[in-house]
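Undergrad: build me a structure from this.
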Amino acid sequence: MRTTIMRATAVAVGAAVALSFGISASNAQAVISAPAGADPAPAASGAQFLAAAPDTSGIIQTYYEYPAGVFDNYSDYGLTIDAAYALAAVGGQASAVETMRAALEANIGSYVFGGGSAAKLSAFLLSQGSTGTSIDDLVDYLETHISVEEGLEGRLVDEDDPGTPYDDDFNSPLTQAYAASALHTAASPLAASALSFMLDQQCAAGFFRSSFSAKAAPDQTCDGAVAPTPNVDTTGLSVLMLADQSANLEVQSGITSALDWLVSQQASDGSFNNGNANSTGLAGWALGLSGRTGPAAKAAGWLRAHQLANAGSCAPYAAKDNGAVMLDDLGYAGAASGPLDPVEQSVATRATAQSLPALLWAAGGANAGETVLTGPSDFVAAGTTQEVSILGAPGNTVCFTAGGVSSTVVLDESGAGSSAVTMPSKSRTVSVGSVDAGGETDTVSITGLAKKTLKVSLAKVKVKKGSKVVVKIRGLAPGESVKGKVGAKSAKTTANRKGRATLRIVAKKVAKTKVIAVGEFTNRRGKVFVTVIR
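TA: Numbering: from 1, shown residues only. Okay, the predicted model is just below:
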């Protein structure tokens, strides 16, 4: 039934039009060029984690615990497709992508059990340029699951099992998106009807719904359904799968509406779906790919703040877990307790697979990956607690080190963070260093001054009224300010590099007068007496 596959032509035309529409890659099939100023570190570490996920067969194993304390696993072909899609989008892991692609192609018979699995696998394999008899057969099989029944034309369907009392066709607008992509890339004669049915699953509000109408329903459209359920994941994936068909004005309009709806669903912290990395990743990927870089960067910041990132001497996570994006706040907090167990790692692998490309829009601070560290610019009192501040990219992980003590800080939504530094009880200069997960380093120095009796001497111990008392002070820190007072008169200066200072203060009152010198803090002082005569 299917015509000869003409992938190269179809993709080239789709990409050319997509670029003019603001989509930087066709259907997530090409490596995405990250925007200028983005920090490459989070996507690179996430890709490294994900590339290591498959076992020696090239397929990712998903683990579950049943009964308690017993881990078992299965070959997760669907997750392998997600991971390979993500790695292909970010680039830099061509070998891993090819290993997974070849393994998936070799396991078509093990994975494909209906229209949904055929749609997802064929969409991916075609996007990676797979050809040959097995691919032709796969697309042929997919075409047999595209309905030609009146009222259901173009719908991805599976036969209901007459032995069950319920509808066991589990296809949905999500699997329809894969089918629309695969059939378009394959130049199938059923591509147009699959696309039309796909677009019917988008409501006027802009979202794509979670599930199809019942097959017997007279109206198969989203707007014709009773209380359709909006779905961030399906809407984000639909944008990705339809991107290379934006030459079609109806598709272009649908993508624009979908993006507008996604932006309206984004929380103030950048996340989607109540802080879910899977949804935030798909939405952020779709927004970034479509030129909505502001919302994409916000999503990437939230994802980055949920990525396990070792930085410098702050390495709370196992090396195998570094770079993983955790599903939510609870998963991120729990990861600090130790290496991820097999089930936790499986959850993290899925979250990373769906969010990795969105990390390409992670902001880089003032420049890509730059951090700016600041601390007190003046002397501080010994033994006090001081704050060191850092500015960088939202969600960036930074390791602070001072006096041999290290602490981790994740920068907030504005890209700001701070760390407390306790100064020694004695006069000391403390060097505070910072290093982020990408290796960017900064250093500031803080000098604390302890209580001290300053050495105060006079050029002359007896002076005439109206003349100047020459006061010499020693024991100061280089650059320390010092104030001298003779009676009611005073003067200020700054110590030289040897910690010495000289003040000249006019003597106004005839008497034996106290000469006081006070350094940067009131507990750093010294005194002497001068006799003022007529």
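Undergrad: buried stuff in whichever strand or helix holds residue 435?
TA: Per DSSP states H and E: residue 435 is located in strand 428-436. Buried positions in strand 428-436, judged by neighbour count with 16 or more other CB atoms under 10 Å: 430, 432, 433, 434, 435, 436. Every C-beta, even on glycine, is put in place using the N, C-alpha and C of the backbone.
Undergrad: so which elements touch the host helix or strand of residue 102?
TA: In the assignment (DSSP H and E), residue 102 maps to helix 94-106. Packing contacts for helix 94-106, counted by 3 or more CB pairs under 8 Å, 6 or more residues apart in numbering; DSSP states H and E, involve helix 77-90, helix 115-127.
Undergrad: any idea of the angle the last one forms with helix 77-90?
TA: When you say that, I think you mean helix 115-127. Calculated by axes from the mean of the first three to the mean of the last three CA atoms, to 10 degrees, helix 115-127 forms an angle of 30 degrees with helix 77-90.
Undergrad: of the buried residues of strand 428-436, closest to residue 193?
TA: For these, the closest approach to residue 193 (CB to CB) belongs to residue 436, at 50.5 Å.
Undergrad: and the pLDDT for the closest one?
TA: Here the pLDDT value assigned to residue 436 is 93.
Undergrad: other SSEs contacting the helix or strand harbouring residue 110?
TA: Using DSSP H and E, residue 110 sits in helix 108-111. When contacts are defined as 3+ CB pairs under 8 Å, 6+ apart, helix 108-111 packs onto helix 77-90, helix 115-127.
Undergrad: tell me how far that helix lies from the chain's centre.
TA: 34 Å (CA atoms, centre = their mean, to the nearest Å).
Undergrad: mean confidence score for it?
TA: Here the average pLDDT along helix 108-111 is 98.
Undergrad: same check on stretch 404-421?
TA: 94.
Undergrad: mind listing what's buried in the helix holding residue 102?
TA: 96, 97, 99, 100, 101, 103, 104, 105.
Undergrad: so that helix versus helix 77-90, what angle?
TA: Going by the same axes, to 10 degrees, helix 94-106 makes 150 degrees with helix 77-90.
Undergrad: what residues of stretch 335-353 count as buried?
TA: 335, 340, 344, 345, 346, 347, 348, 349, 350, 351, 352, 353.
Undergrad: strands - which of these land there?
TA: Among the buried residues of stretch 335-353, no residue falls in strands (DSSP state E).
Undergrad: from those, which is closest to residue 522?
TA: Of the buried residues of stretch 335-353, the one sitting nearest to residue 522 (CB to CB) turns out to be residue 335, at 47.9 Å.
Undergrad: and the strands in the stretch 251-400 of the chain?
TA: Remark: strands assigned in the stretch 251-400 of the chain by DSSP state E, counting those that start in this stretch are 372-374, 380-381, 385-391, 397-402.
Undergrad: looking at these, which is closest to residue 143?
TA: Closest among the strands of the stretch 251-400 of the chain, once you apply CB to CB, is strand 397-402, at 47.8 Å.
Undergrad: list the buried residues for the closest one?
TA: 397, 398, 399, 400, 401, 402.
Undergrad: kindly list the longest helix within this structure.
TA: Under DSSP state H, the helix in the chain containing the largest number of residues is helix 249-265.
Undergrad: which other helices and strands contact it?
TA: helix 191-200, helix 232-242, helix 277-289.
Undergrad: and for the shortest one, what's in contact with it?
TA: So that's helix 191-200. Contact partners of helix 191-200, identified using CB atoms under 8 Å, 6 or more residues apart in numbering, comprise 146, 148, 152-156, 173, 176-177, 179-180, 183-184, 188, 220-222, 238, 242, 245, 248, 250-251, 254.
Undergrad: could you check the angle it makes with helix 115-127?
TA: Using the same axes, to 10 degrees: helix 191-200 against helix 115-127 is 120 degrees.
Undergrad: quick one: mean pLDDT over helix 191-200.
TA: 98.
Undergrad: repeat for stretch 493-513
TA: Mean per-residue pLDDT for stretch 493-513: 97.
Undergrad: pull the contacting residues for the nearest residue to residue 277 once chain neighbours are set aside.
TA: Of all residues not flanking residue 277 in the chain, residue 351 sits nearest, at 4.1 Å (CB to CB, 6 or more residues apart in numbering). Neighbouring residues of residue 351 by CB under 8 Å, 6+ apart: 277, 278, 281, 324, 325, 326, 327, 331.
Undergrad: burial count for the third one?
TA: Residue 281 is surrounded by 30 other residues when neighbours are defined as other CB atoms under 10 Å.
Undergrad: what count of nearby residues applies to the closest residue in space to it that isn't next to it in sequence?
TA: Spatial nearest neighbour of residue 281, excluding adjacent residues (CB to CB, 6+ apart): residue 355 at 2.5 Å. Using other CB under 10 Å, residue 355 is surrounded by 33 other residues.
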